[in-house]
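Enquirer: Structure for this input, please:
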Amino acid sequence: MSPPSLQLQSVIDAFGQQGWHCEQVEGREVLQTAFEAHHTRIDLNAQVFPQLNALSVVGETPMPFDPRRTPLALELLNRANKQLTLGGFEYDLDRGCLVFRITNLFDREKFDPDIISSMVHCAIAELDRITPLAGVLNRTADDLLDDLSIPLLLEREDLLPPTPDFEEEEEL
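Expert: Now for the predicted structure:
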């Protein structure tokens, strides 16, 4: 296997700094890993595009929908996307997976590790946020689907994962 590009090596180093185990996909500028989030397991790929100095982080979690629920699931993701500033949701119809993708263009060949870890955290947090909402959709009885309001579903805060407690920074 050829050595990783400087861009991919910077992603490998950033993952190492966070203590995240990852595997490089042979012959590609791609790292694979998985995370256990609050609501779901997330498979994550980080792909670099050296010619562009770009990194794309893609998280996925299985969530199949039957044909009656698929249009509602797509509406859920579309409405969720309207609320996002960075990244976006997708649904892989062929594999029945919720997908969150975020991409960044970097100024230098050596990517900033803080930006890399923020991208990974964003992908995990967003998938972990949408998964229980998609689960409600899947568990809603067929005879109640017409009454299910996707905009109201997106407002539910009782299904949000807990926010991590951050230690207050000491003032110097």
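Enquirer: My guess is Leu127 contacts Leu98. True?
Expert: Yes. Using C-beta atoms under 8 Å, Leu127 is in contact with Leu98, at 6.2 Å. For the C-beta atoms, the positions are set from N, CA and C on the backbone; glycine is no exception.
Enquirer: So in the chain, which helix runs the longest?
Expert: helix 113-139 (DSSP state H).
Enquirer: helix or strand right after the strand or helix carrying Ala73?
Expert: Taking DSSP states H and E as the definition, Ala73 sits inside helix 70-82. Scanning forward in sequence from helix 70-82 by DSSP H and E, the next helix or strand is strand 88-92.
Enquirer: Check which helices and strands that next one sits against.
Expert: helix 70-82, strand 97-105 (3 or more C-beta pairs under 8 Å, 6 or more residues apart in numbering; DSSP states H and E).
Enquirer: And for it, what's in contact with it?
Expert: Strand 88-92 is contacted by residues 60, 70, 73-74, 77, 80-81, 97-102, 126, 130 when judged by C-beta atoms under 8 Å, 6 or more residues apart in numbering.
Enquirer: of all those, which comes closest to Leu159?
Expert: Lowest distance from Leu159 to the contacts of strand 88-92 (C-beta to C-beta) belongs to Ile130, with 9.7 Å.
Enquirer: Surely the closest one touches Leu77?
Expert: Yes. Counting by C-beta under 8 Å, Leu77 is a contact partner of Ile130 at 7.2 Å.
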